[in-house]
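In: Got a sequence here, can you model it:
(chains A, B, C and D)
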Number of protein chains: 4
Amino acid sequence: MKTAVVGGTGYGAVELIRLLDKHPMVQLESIVSHSQSGTEIHAVYPHLSNIVHLTMDEWNIQNLHQQVDIVFFATPAGVSKELLPQCREYDLQCIDLSGDFRLASREIYETWYGKAAPATAFLQEAVYGLTEIFAADIKQSRLISNPGCYPTAALLGLIPLVKNRLIDLGSIIIDGKTGVSGAGRSVSLGTHFSEVNENVKAYKIGSHQHIPEIEQYINAVLPEADAEKDVKVTFSAHLLPMTRGIMCTMYADLTAPVTTAELGRLYAQFYDGHPFVRVRPEGILPATKEVCGSNYCDIGIHADERTGRVTIVSVIDNLVKGAAGQAVQNMNVVNGWDVTAGLTDIPLYP
Amino acid sequence: MKTAVVGGTGYGAVELIRLLDKHPMVQLESIVSHSQSGTEIHAVYPHLSNIVHLTMDEWNIQNLHQQVDIVFFATPAGVSKELLPQCREYDLQCIDLSGDFRLASREIYETWYGKAAPATAFLQEAVYGLTEIFAADIKQSRLISNPGCYPTAALLGLIPLVKNRLIDLGSIIIDGKTGVSGAGRSVSLGTHFSEVNENVKAYKIGSHQHIPEIEQYINAVLPEADAEKDVKVTFSAHLLPMTRGIMCTMYADLTAPVTTAELGRLYAQFYDGHPFVRVRPEGILPATKEVCGSNYCDIGIHADERTGRVTIVSVIDNLVKGAAGQAVQNMNVVNGWDVTAGLTDIPLYP
Amino acid sequence: MKTAVVGGTGYGAVELIRLLDKHPMVQLESIVSHSQSGTEIHAVYPHLSNIVHLTMDEWNIQNLHQQVDIVFFATPAGVSKELLPQCREYDLQCIDLSGDFRLASREIYETWYGKAAPATAFLQEAVYGLTEIFAADIKQSRLISNPGCYPTAALLGLIPLVKNRLIDLGSIIIDGKTGVSGAGRSVSLGTHFSEVNENVKAYKIGSHQHIPEIEQYINAVLPEADAEKDVKVTFSAHLLPMTRGIMCTMYADLTAPVTTAELGRLYAQFYDGHPFVRVRPEGILPATKEVCGSNYCDIGIHADERTGRVTIVSVIDNLVKGAAGQAVQNMNVVNGWDVTAGLTDIPLYP
Amino acid sequence: MKTAVVGGTGYGAVELIRLLDKHPMVQLESIVSHSQSGTEIHAVYPHLSNIVHLTMDEWNIQNLHQQVDIVFFATPAGVSKELLPQCREYDLQCIDLSGDFRLASREIYETWYGKAAPATAFLQEAVYGLTEIFAADIKQSRLISNPGCYPTAALLGLIPLVKNRLIDLGSIIIDGKTGVSGAGRSVSLGTHFSEVNENVKAYKIGSHQHIPEIEQYINAVLPEADAEKDVKVTFSAHLLPMTRGIMCTMYADLTAPVTTAELGRLYAQFYDGHPFVRVRPEGILPATKEVCGSNYCDIGIHADERTGRVTIVSVIDNLVKGAAGQAVQNMNVVNGWDVTAGLTDIPLYP
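Out: Next up is the predicted model:
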């Protein structure tokens, strides 16, 4: 099958290009970039020299629908909501890496994103692409809304506890830590090397647009007995002096005494058959470097008897499982291919 | 007055050397190092060439008590408990940067440090050197136990809330993030560049020896109405790819509705007259680089109406306010000097 | 075919494991480690969890020769010279990533390495695995001595000029810059994070063991008219605060006026048909990140009219083209496979 | 005396603020910033909170000349050439950290900077502030042109050899390596964290504006016997993943056999009485971290018998000795103060 990537000069797009290049079932036919159309991609990204020979295209749905079957959107907030509906008229498969179609409520989108929301019809059509949790729905869908990077790490870490009613739903705290590539390639003082290097900075505490996303999908998976609850979480974001990687350290009050070993078995069972989630043995905590360049989400667990609280540490590569890799994983599910197709790389270590 | 630094090849010691060199009231007379006695300090640390001309001495209390008035211990756990009592026989002022004299209970020390505890007499004599909180006791003392790096950042961030009964004491969570210099200069796989760079790793969750230290001193400052409580905290530590800096992001449930602005005023008032604590204006969060090389502790606050929870972000340079700088600050208090003597440097930025 | 990797806990070995896992023609059967035999590899390297399921073996040639066809040695200097001859008795294909078999002269080896040299017979049998230059010999060989990281970058950058007699052979200067992973996984003060981060340090100026290696292979490719010359080079090494990547900046006096554009064409022609060498267009200089995780060597050229001197910038990933990747490339050549088999990954950027 | 800093939001300016704050003889009265006038400095640089209480001023020479005695310009190329002449009308002491007044020839300035040159009268008045070499002239001057960062490191490393006729003047090669802060605080793709981190990049090879500056001042100090020579150098620049620090690795052909030890003595003698230049003992090479935050220039030397070539390694903190620190040092010389006033800090290590 043939694919296009829209948003050709951003890090999400270039990571899609890297992964699609090694995918056995698809071919990349077009890279769409508004700002750089007419430029060869390797002029913008020399690491693609002699490998990817495409010249970037202007957006043109008439051409695109004849060229490709699947369109990935790796565009800033507010762009895919304009372009993606055009693709759906031609029934192209769409996978959107931006936040445009993740929030079911137009009002909540507008509150947290500060932009006009997409049309309700598309919000209703969109399926949230957290593959391990929503694969059944994803398989039926032609419009996948790929999860945010923080929500991917947070939800995969929390959902086993939520589904098993092991934690007080009012007590969830998520301390997020990210590398700089999550902020994209646009230049800003906040991503200037001399400001970020040898530094850690908290940002957007209480106001990050990933908060309603995490809440919506925790609420979506509540067991029946909790179905009436409206879970809210505390989330804070921190910028770390590294390029790739997200860690979420999550805290919650346990509803009953449980050991780390018991939780380890529960997680292992919950993710049995899901090759991209790896649960660390008791006493071992994951590090972001252990998933670098790969689609893995690694999870470590600590149940603390002294405080009756559980700590969950979840790590991903924000550009892979947190963006382009999970998008490919979703494409695999939609098309009935092996879920690991094109995603079998061992992490790059060290 | 004349000073000695014991533990001459570690980062705590070398940072003391840097700060004592610019102190107007003292002179560094001796650097004691067991492993490197007889070596010139600049052979181990070339950045001291042409500035510090001392050759390191073997420990010898007979010589030392004739040479100096004040002894700093920047030694690994378990060392000062042997050496410091010898100094006290000669009534030398002692400031211990290790954890040996921080925990009042020998049993708790032995549980968390896995070593035999110091003699009770010295534990009782020691005063905890969190200067902003315990200055009155410090002034009377000749044996200061200098706080750990994480506890310094955590306690300065939490105590205004604790003292004002604004948070549920059972809900305190501290997410600690540190640069690598806190682990000292000893080589290990965990501090190997290729393992730490471009990485974030959680460690010692639930088992860090700074947990009982934080708990002891929260319990020490409880207002009368809470005096019966035995506060326990959840603390996790994370190693970041940077050399200097500690951030503690702290979460707790508010006992009553309060705004960020109100908390800002409360903190500003609490630390009025304490030049090394700086409270950021509403909406601004601190970063570790903003205190690099200095004795400041910068604090940002966010009260979240949605969740009824407060988030406090506290940053220090782990080698300065978290070690050598606070030790100098305590020396200033003990000797009745201006608390800022030798500590007036502007942070090194960027 | 079946392979073994000897030296299982080092970075060279773990990078071989990463690359062999994606190679279409081989299977990894054994990881040999003296220090960690009996341990599962993922206990040492958690990033391999759920992917590589091997337990490390003790060295045992009797078992090994029945298990595998090809043995890679990623061992410290002085080890393969003892073990590899045992493999040659069973006619196993051997690729040695250490320096043991690179220098033809036992005397020169002993001078620069400070160890006893291997037996002459094996030094004579060994073929130097700089694939682009010596493929014809490699194809015939069963004992490949894989080049050092600096020599790979330096020789690929210099040989087109040497072969075309464009530079004064007495004027060659190589300024080498490396990431820390080249120093391996053994801990030392020189690779301690707090010492390396935010720092650049020159080391081993005039005494690096890669100097005689570079000289030997420049002398090996001299055109007939220069055959009598005994080329010596000035080389300096610098440790940079990054994990992967080597850059060699090389300087030489031009023997005749030539433009950057002319040199660009000459390099492009020289490396025509060699997919892993990419020559940048005039005015563009390469960066190490542009080859991260890949087997590429990217080269930039600047001929300076003012000074009559040429500057060549050559970059590789030290663990791939500078070690494990070139070893796989050599395996491909020896076995008549496509030279790019298992090595088609796009660099990981950013 | 009273000082002003023009260019208040750049890194050069903020480093001046840091150093002037601890200077015993001066007081900072005004920070001038065109883009941020009316803003408090700590709103732009929170690390200055509670320390520096100035609001930034618009440029206004009528006010300025009544407020201050000394004006530092830390402005982009092309700005001080417009503003500084206004200060000279009032005979204010001027120290310019930009490149505007460094090149004696208007034509060369225009070639390398691509801007219109300053008026000849001011070029003639300006004295080059490489303090160790030109102190006699600096003492007489009211218009100091502070050296560039690379030239400071390069010239201090080369001049002892040039003055002693120990190297072939046609053979000088300078391999420069810089941290990112040298590029200033303006955002650009080239200083974006994700592009710079874990990367080394060569840039401006053969075209850097510091080339004519280095050449002019080598030619200015030639001994009489070489006075006719027009020395040209090869210089290349490399951007390293660190914030502060410059290293110049310099190569030249020796004119006569000389040992490293002999050169060490020669350098030590040459810089005797110059406290900011430290010569490393034989076999020890300097690292940038060893001068971080300080005004030192540390030099290591290796004379290579095999090749008849010398390698000099010179390191500085680009923002201190390469900018603000040397500016303060020049102020000290001009005003007859101790040359180390305000500059006695021990480097920040680690």
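
In: From here on, just use CA atoms for contacts and neighbour counts.
Out: Will do.

In: what does chain A have sitting close to chain D?
Out: Listed as neighbours of chain D in chain A under the rule C-alpha under 8 Å from any C-alpha of the partner chain: A:180-181, A:185-189, A:191-194, A:196-197, A:242-243.

In: farthest pair in the residues you listed?
Out: For the residues of chain A next to chain D, the maximum inter-member distance is 17.3 Å, found between A:186 and A:197 (C-alpha to C-alpha).

In: So which of these two has more stuff around it?
Out: Using other C-alpha atoms under 10 Å in any protein chain shown as the criterion, residue A:186 and residue A:197 rank with residue A:197 on top: 23 against 14.

In: From residue B:240, how far off is the closest residue to the more buried one other than its chain neighbours?
Out: Excluding its sequence neighbours, the residue lying closest to residue A:197 (C-alpha to C-alpha, 6 or more residues apart in numbering or on different chains) is residue A:241, at 5.0 Å. Plainly put, residue A:241 is 8 Å away from residue B:240 if you go by C-alpha to C-alpha, to the nearest Å.

In: ditto for residue A:183
Out: Residue A:183 is 19 Å from residue B:240, by C-alpha to C-alpha.

In: If you count surrounding residues, which of these two has more?
Out: Neighbour totals were compared for residue A:183 and residue B:240, and residue B:240 leads with 27 against 17 (other C-alpha under 10 Å).

In: got a list of what the more buried one touches?
Out: Taking C-alpha atoms under 8 Å, 6 or more residues apart in numbering or on different chains as the criterion, residue B:240 is in contact with A:240, A:241, B:177, B:178, B:179, B:180, B:196, B:199, B:200, B:201.

In: one more time with 6 Å, if that's ok
Out: B:178, B:179, B:200 (C-alpha atoms under 6 Å, 6 or more residues apart in numbering or on different chains).

In: Pull up the per-residue confidence for it.
Out: At residue B:240, the predicted lDDT confidence score is 98.

In: Other residues contacting the one helix or strand residue A:212 maps to?
Out: Using DSSP states H and E, residue A:212 maps to helix A:210-220. By C-alpha under 6 Å, 6+ apart, the residues outside helix A:210-220 that reach it are A:151, A:232.

In: same thing but 8 Å
Out: A:102-103, A:108, A:112, A:148, A:150-151, A:154-155, A:159, A:162, A:227, A:229-235.

In: the domain parsing of chain A - what is it?
Out: A:2-125, A:150-318 (automatic domain parsing).

In: distance between the ends of the shortest one?
Out: End-to-end distance for domain A:2-125: 23 Å, by C-alpha to C-alpha.

In: and that domain, anywhere near chain B?
Out: No - Domain A:2-125 stays clear of chain B (C-alpha under 8 Å from any C-alpha), getting no nearer than 13.4 Å.

In: can you give me the strands for the stretch 101-250 of chain A?
Out: Shown for the stretch 101-250 of chain A, the strands assigned by DSSP state E, counting those that start in this stretch span residues A:127-128, A:143-145, A:173-178, A:201-203, A:234-239, A:246-253.

In: So is stretch A:332-348 next to chain B?
Out: No - under the criterion of C-alpha under 8 Å from any C-alpha, stretch A:332-348 makes no contact with chain B; the nearest approach is 11.4 Å.

In: can you give me the helices for chain A?
Out: With DSSP state H as the criterion, chain A has helices at A:11-21, A:41-44, A:61-67, A:80-89, A:106-113, A:120-125, A:131-140, A:149-163, A:193-196, A:210-220, A:260-270, A:325-334.

In: could you check the distance from residue A:12 over to residue A:18?
Out: In terms of C-alpha to C-alpha, residue A:12 sits 10 Å off from residue A:18.

In: More neighbours: these two, which one.
Out: Neighbours were counted for residue A:12 and for residue A:18 using other C-alpha under 10 Å; residue A:12 has more, 29 against 21.

In: what about the more buried one, distance to residue A:42?
Out: Separation of residue A:12 from residue A:42 (C-alpha to C-alpha): 16 Å.

In: One more: residue A:235?
Out: 38 Å.

In: out of those two, which sits in the busier spot?
Out: residue A:235 (24 against 16).

In: Skipping adjacent residues, who's closest to residue A:244 in space?
Out: The shortest distance from residue A:244 to any non-neighbouring residue, by C-alpha to C-alpha, 6+ apart, is to residue A:179 (4.8 Å).

In: now residue A:260
Out: Distances taken as C-alpha to C-alpha, 6+ apart put residue A:303 closest to residue A:260, at 4.8 Å, once the chain neighbours are dropped.

In: pretty sure residue A:87 contacts residue A:68?
Out: No - counting by C-alpha atoms under 8 Å, residue A:68 is not a contact partner of residue A:87; they are 10.4 Å apart.

In: count of neighbours near residue A:24?
Out: Neighbour count of residue A:24, defined by other C-alpha under 10 Å: 10.

In: any idea how far residue B:248 is from it?
Out: 46 Å.

In: ok, back up a step: now render the helices of chain A as TSV, adding mean pLDDT.
Out: Rendered in TSV, the data for these read as follows (pLDDT from 0 to 100):
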stretch	mean pLDDT
helix A:11-21	98
helix A:41-44	97
helix A:61-67	97
helix A:80-89	97
helix A:106-113	97
helix A:120-125	96
helix A:131-140	98
helix A:149-163	98
helix A:193-196	98
helix A:210-220	98
helix A:260-270	98
helix A:325-334	98
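
In: Same list, those, but as a markdown table with distance to residue C:34 please.
Out: Below are the helices of chain A laid out as a markdown table (distance: least, C-alpha to C-alpha, whole Å):
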| stretch | distance to residue C:34 |
| --- | --- |
| helix A:11-21 | 37 |
| helix A:41-44 | 45 |
| helix A:61-67 | 55 |
| helix A:80-89 | 55 |
| helix A:106-113 | 56 |
| helix A:120-125 | 57 |
| helix A:131-140 | 40 |
| helix A:149-163 | 37 |
| helix A:193-196 | 41 |
| helix A:210-220 | 47 |
| helix A:260-270 | 32 |
| helix A:325-334 | 37 |
